[in-house]
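# I'll drop the sequence and a predicted model, then ask my questions.
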Amino acid sequence: MAKSCRKAISFFGVVQRIYVLFASSTKRWSVLLEHVKNLTVKLLSSTRWESRIKSIKAIRYQAPELRSALLSLSEDSDTEAKDRSDAKNLFDILGSFEFILSMVIWYDILFAVNTVSKKLQSPSMCIDSTLQQIEGMLSYFDTYRNEGFASSMIIATEIASEMGVETTFPVKRRATRKKQFDETDYNEAILQAEKDFEVNYFLVIVNNAISSLKSRFEELQSFKGIFGFIMSSETLKSLDSDGLKECCTKFSETFSLDGSSDVEINDLIYELTVMQSTLPDRSMSAMEIFEFVQEADCYPNISIAYRILFTVPVAVASSAERSFSKLKLLKNYLRSIMSQERLNGLATLCIEKKLLDQININAIIDDFASRNARRNF
């Protein structure tokens, strides 16, 4: 989305310029802190795109304060001429209604995407919950495509009124001359500029988001066709004998090799038939059904099917992002001659800290000390 059109690229370029202007000097940063009391501007990261929502949030809820900081910087005689010119340029950009509207739209979109992304990175996330989140995200974008521009216009108008900014879109200047009968007036030109912004900017990024979601998670839809019948108790109980047989046959053929299958198809059908009548009369997720199967301890093929379901990888973003953040802390200039083996070990300990906390370190230390105390033997 951030690279789908020229205006989107320009918008994030402005966000980055604001951070660079203040962060490149302690004096300019102190000017920022004098006007902005809560959230400071953030850097856009190429490896962690989640930084985009944090960068926009600082501007979205502090636009008047940030604009006053830029004005103060542009009028400071002790500041270099180049920096004053940049501050004045950014001050004018933040005072345009088009930028304010873009800010509101991007915050709405990235906040929704970031919320779902956090859930997908949860260690307890499984494929059925993932599909629900993705379908909910698609539904959100479909609704936002139809209603989001109007609601964003209302919010942007309120922010512009607070900042004293005109709520109009830039219109190309025309030479003053006699108006012909087939020419449009100025008000119609403003409406055309607003429509152009909606079609060539708003709809472009939303349509790009919808198409990206469908293409990136297309593989999960195929998993839904394989595991869909065991993802919830409602789906399982709704199947008749023919539908259950068809689903079990597809599952068995998917996980078969050289005539050997992970499950016995006939036993799986009968086990699911029995379990349909023994499941509690309440809505149960796949994990709750698996716990029920483990307690019953009489459905071996169903247990295998659920273990296969839960071992399907949903996302790898969590481990990748944690690796980037931990590597920066471990590989510093004081550890420049660290071996690769030691670096891998320290990174694993930091990333999997929850497992490390469950280990009795004192017992390991005593065992290690006893193995090196050779004189005592």
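On my side now, so go ahead.

# Any stretches of the chain with poor pLDDT?
46-49, 123-126, 171-190, 313-326, 372-377 (pLDDT under 70).

# What are the boundaries of the strands in it?
256-257, 260-261 (DSSP state E).

# Tell me which of these is the most buried.
Counting by mean count of other C-beta atoms under 10 Å, strand 260-261 has the highest mean neighbour count of the strands of the chain, with a mean of 12. Every C-beta, even on glycine, is put in place using the N, C-alpha and C of the backbone.

# list the contacts for the closest residue to Q16 other than its chain neighbours?
Nearest residue to Q16, sequence neighbours excluded (C-beta to C-beta, 6 or more residues apart in numbering): L44, at 5.0 Å. Counting by C-beta atoms under 8 Å, 6 or more residues apart in numbering, L44 touches 12, 15-16, 19, 51-52, 55.

# Quickly note the distance from L44 to L101.
To L101, L44 is 20 Å away according to C-beta to C-beta, to the nearest Å.

# next one: S241
For S241 relative to L101 (C-beta to C-beta), the value is 57 Å.

# the more surrounded of those two?
Legend: neighbour count by other C-beta atoms under 10 Å for S241 and L101, higher for L101 (25 against 9).

# looking at it, the more buried one is touching E198, isn't it?
No: counting by C-beta atoms under 8 Å, L101 does not reach E198; the two are 9.8 Å apart.

# Could you list the domains of this protein?
Annotated domains of the chain cover 6-171+183-216, 221-310, 317-376 [automatic domain parsing].

# mind checking how far the lengthiest helix in the chain is from the chain centre?
Across the chain, the longest stretch assigned as helix under DSSP state H is helix 127-163. Centroid separation for helix 127-163 versus its chain: 14 Å, with C-alpha atoms, centre = their mean, to the nearest Å.

# So which bits of stretch 155-173 are buried?
155-157, 159-160, 165, 169 (16 or more other C-beta atoms under 10 Å).

# Can you dump the C-alpha atoms of that stretch in CSV for me?
Below are the C-alpha coordinates for stretch 155-173, written out as CSV (Å, rounded to 0.1, in the frame of the first residue of the first chain):
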residue,chain,number,x,y,z
ILE,A,155,-12.4,13.7,11.0
ALA,A,156,-9.9,15.6,8.8
THR,A,157,-12.3,18.6,8.6
GLU,A,158,-12.4,18.7,12.5
ILE,A,159,-8.6,18.6,12.7
ALA,A,160,-8.2,21.2,10.0
SER,A,161,-10.6,23.5,11.8
GLU,A,162,-8.6,23.1,15.0
MET,A,163,-5.4,24.0,13.1
GLY,A,164,-7.0,26.9,11.2
VAL,A,165,-6.5,25.2,7.8
GLU,A,166,-8.8,25.6,4.8
THR,A,167,-10.7,22.4,4.1
THR,A,168,-10.2,22.5,0.3
PHE,A,169,-8.1,20.5,-2.1
PRO,A,170,-5.5,22.2,-4.3
VAL,A,171,-6.9,23.3,-7.6
LYS,A,172,-4.7,24.2,-10.6
ARG,A,173,-4.5,27.9,-11.1
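
# so how far is it from its chain's centroid?
Stretch 155-173 sits 30 Å away from the centroid of its parent chain (C-alpha atoms, centre = their mean).
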